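**Q** Make a model of this:
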Amino acid sequence: MANSFAKKIDVFFDDVVAGFDATNISSKNVSQYKAPAEALALNGQTFHRPMPLMTEIVDGRDITGQYKDLVELTVPATLTESHIRNVPVKLTGVDLNNPYAFDNIVKTSNILLSNKLDTLVANRVAERGTLAVINTGAIDTYDDAAEADALMLEQQATRGERIMLLNPRMAKNIAGNLAARQTMNTAPMNAYQRSTLQPIAGFDTFRVDYGKSIAGSAGTGYLVSGAQSYTPVSADVNGIPADNRTQTLAVKTGTGAAVGDVFTIAGVYAVGHINKQSTGQLKTFRILEINGGNWTISPAIVPADGTAVAQKAYANVTTGAAADAAITILNTKTTAASVFYEKSAIEIVHADFNTEPFEASGKRVRKATTDSGIQIVMLSDSNVDTLAANYRLFVWANVEVLNPELAGIMLENQT
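**A** Next up, the predicted model:
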C-alpha cells in the first residue's frame, strides 16, 4: 500500500512538471540565467549581469588620437528567499484515490506555478519598461499595436526576438479588427474563430489573462531643477559595480506625481542607440521612486552632445535636461497595460535549491528540471494522526529587466 501511495505521488509530480512546460509562456519568451547557488550564498544573493557593450564610430582614414577606453556596464540582479514561489497542497489517501480530485489538483498546480512566472514577467516589464505607446483612444487595430515597432525601430532597440503580451481587452479588440478584414486568409480566420493573434509588426504576440494596472496620474506643473544629465560608469567610488539604468532627477514646483508615472522632458529627444541621431520624438522616462524633490528615474539621461567617452557611447537622448525644462506626465487615466520587449532585455533568474538537509531528515524530495531549464521541487511530509500529507511545490525564480530601454508599455484612452 505504501508503494502504491508513493507511485501515485510520483505521477502527480511528473504531471505537474509536464504541464508547467506546456502552459508557461514566459519561460520560452525571455532570456534565462541560472545563478550558481554557491555564488548566491557568498555574495548576499546579489550578482551582476552584463549589458551590451557600446562604443562610438569614428570616420576618416587617420584616426590618430581617437582610440578610447571601453566602458563595460553591468546591472545588479537578485535572487533571495522571498523569490521562492510556492504551491502548498494537502492531500489524503482518499484524495489520491479520487481520479477527478487528483486531476483537478494537478491542473491547479500547473496553472498556479506557470501563471505566477508569466505574471511576474508582465508586471516587471509594466513597472520598469521605459518605452511607451500612449494612445488617446483604444488600442484596437494593427496600426495601433504597430506603434511599438516604430518606437523600437527608430531608437534602434531591436537586437533580436521581440515579444508582445496583450491584456485580455486589448487582445480581444485587435483580434476583432483583424477578423473584420476583407481578405479572409489564415490569420483573420484564426482571429475570428479562436481569438489567436499572428505576429504583429515583428513581435511574437500572445494574448494573456493579466495586465498590470497603471494608475492615472494627477501630476502637473513640474520643472527640472537645474541642468542635469548622466555619465555611465562601470563602478562607483568604492569599486562597487554601478547600476546605470537609473539616475536621480531634481525637480521643483508641481504636484501629484507618483511612482510608475511615464513622463517626457521638454527638449530631450530620443536618439538611435547606434547612430545617435535624433528620432524627433521626446524620450519617455519612468518614475521609480520619489524622495521629496528628488525622483529616481529610468532610464538615465545620457546625452549625445556630452563630452565624456561613456556619454557618447551609451547616449540615449540628444541633450541633457535644461534648467526649468517642463515635465509632462503622460499616464492620465488608470488602465491595464499591455507590454512589449526584446527577449534579451528580460531575464528570469533562477537557481537550484539545495534539498540535502530535507533528504537527510527523511522527507520525501522530488526534483526535476523542466524543458525550459527551471527546477521544480516537491517536498512532502505525512501525518499519521490526520492521515494527510503536505506537499510543497516550488520554483526559485525572479525576474529582472536588464535593459529598460528595450522594453515598454502600451496604454490606451489617455486623455
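**Q** For the rest of this, base every contact and every neighbour count on C-alpha atoms.
**A** OK.
**Q** Which residue ranges of the stretch 201-350 of the chain form strands?
**A** In the stretch 201-350 of the chain, strands defined by DSSP state E, counting those that start in this stretch lie at 203-207, 213-214, 223-224, 247-252, 262-265, 269-271, 278-282, 285-291, 294-298, 327-329, 335-336, 338-342, 346-350, listed in chain order.
**Q** could you dump those strands to CSV with mean neighbour count, distance to residue 143 and mean pLDDT?
**A** Written out in CSV, the entries for the strands of the stretch 201-350 of the chain read as follows (neighbours: other CA atoms under 10 Å; distance: least, CA to CA, whole Å; pLDDT from 0 to 100):
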stretch, mean neighbour count, distance to residue 143, mean pLDDT
strand 203-207, 19, 13, 89
strand 213-214, 18, 22, 96
strand 223-224, 21, 34, 98
strand 247-252, 20, 34, 97
strand 262-265, 23, 22, 98
strand 269-271, 24, 22, 97
strand 278-282, 17, 18, 97
strand 285-291, 19, 23, 97
strand 294-298, 21, 27, 98
strand 327-329, 20, 24, 98
strand 335-336, 20, 19, 96
strand 338-342, 29, 15, 95
strand 346-350, 23, 25, 91
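**Q** could I get those strands as CSV with distance to residue 147?
**A** Supplementary listing: the strands of the stretch 201-350 of the chain in CSV, determined by distance: least, CA to CA, whole Å:
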stretch, distance to residue 147
strand 203-207, 11
strand 213-214, 19
strand 223-224, 28
strand 247-252, 27
strand 262-265, 17
strand 269-271, 15
strand 278-282, 13
strand 285-291, 17
strand 294-298, 21
strand 327-329, 19
strand 335-336, 18
strand 338-342, 11
strand 346-350, 20
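**Q** which one of those strands lies closest to residue 159?
**A** Between residue 159 and the strands of the stretch 201-350 of the chain, the tightest spacing by CA to CA is seen for strand 338-342, at 7.2 Å.
**Q** Select the longest strand from the chain.
**A** Criterion DSSP state E: the longest strand present in the chain is strand 388-401.
**Q** following that strand, which helix or strand comes up?
**A** strand 407-411 (DSSP states H and E).
**Q** CA atoms only: put that following strand into CSV for me.
**A** The C-alpha atoms that make up strand 407-411 are tabulated as CSV, following Å, rounded to 0.1, in the frame of the first residue of the first chain:
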residue,chain,number,x,y,z
ALA,A,407,11.0,47.2,-23.0
GLY,A,408,7.8,49.2,-22.8
ILE,A,409,4.1,49.5,-22.1
MET,A,410,1.0,50.3,-24.2
LEU,A,411,-1.6,52.5,-22.5
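**Q** picking that back up, between the longest strand of the chain and strand 407-411, how big is the angle?
**A** Counting by axes from the mean of the first three to the mean of the last three CA atoms, to 10 degrees, strand 388-401 lies at 100 degrees to strand 407-411.
**Q** Would you indicate which residues of strand 388-401 are buried?
**A** Residues of strand 388-401 classed as buried by neighbour count (16 or more other CA atoms under 10 Å): 388-389, 391-401.
**Q** Also stretch 105-118?
**A** Buried residues in stretch 105-118, counting neighbours by 16+ other CA under 10 Å, are found at 105-107, 109-111, 113-115, 117-118.
**Q** in the stretch 51-200 of the chain, what spans have low per-residue confidence?
**A** Counting by pLDDT under 70, the stretch 51-200 of the chain contains low-confidence ranges at 51-72, 102, 178-197.
**Q** can you give me the helices in it?
**A** Counting by DSSP state H, counting those that start in this stretch, the stretch 51-200 of the chain forms helices over residues 93-97, 99-128, 142-154, 168-179, 186-194, given from the N-terminal end onward.
**Q** Any chance of a markdown table for those helices, columns distance to residue 45?
**A** Compiled in a markdown table, the helices of the stretch 51-200 of the chain are given as follows (distance: least, CA to CA, whole Å):
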| stretch | distance to residue 45 |
| --- | --- |
| helix 93-97 | 38 |
| helix 99-128 | 19 |
| helix 142-154 | 33 |
| helix 168-179 | 36 |
| helix 186-194 | 43 |
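**Q** I'd like to know which of those helices is closest to residue 209.
**A** Checking these against residue 209 by CA to CA gives helix 168-179 as the closest, at 5.7 Å.
**Q** CA-only coordinates of the closest one in CSV, if you can.
**A** The C-alpha coordinates for helix 168-179 follow below in CSV (Å, rounded to 0.1, in the frame of the first residue of the first chain):
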residue,chain,number,x,y,z
PRO,A,168,-7.5,40.5,-22.4
ARG,A,169,-9.4,43.5,-23.6
MET,A,170,-6.7,44.8,-25.9
ALA,A,171,-6.2,41.3,-27.4
LYS,A,172,-10.0,41.0,-28.0
ASN,A,173,-10.2,44.3,-29.8
ILE,A,174,-7.2,43.7,-32.0
ALA,A,175,-8.4,40.2,-32.9
GLY,A,176,-11.8,41.7,-33.8
ASN,A,177,-10.1,44.3,-36.0
LEU,A,178,-8.1,41.5,-37.7
ALA,A,179,-11.2,39.3,-38.1
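**Q** for it, packing partners?
**A** Contact here means 3 or more CA pairs under 8 Å, 6 or more residues apart in numbering; DSSP states H and E; on that basis helix 168-179 packs against helix 142-154, helix 186-194.
**Q** hang on, the earlier thing: nearest to residue 233, of the strands of the stretch 201-350 of the chain?
**A** For those, distance to residue 233 was read as CA to CA. The smallest value, 11.9 Å, belongs to strand 247-252.
**Q** by how many degrees do that closest one and strand 294-298 diverge?
**A** Relative orientation of strand 247-252 with respect to strand 294-298: 140 degrees, computed using the same axes, to 10 degrees.
**Q** in its sheet, what does strand 247-252 sit against?
**A** Strand 247-252 pairs in its sheet with strand 223-224 (antiparallel), strand 294-298 (antiparallel), by DSSP bridges.
**Q** Tabulate those in a markdown table, adding columns for distance to residue 256.
**A** Converted to a markdown table, the strands paired with strand 247-252 look like this (distance: least, CA to CA, whole Å):
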| stretch | distance to residue 256 |
| --- | --- |
| strand 223-224 | 13 |
| strand 294-298 | 13 |
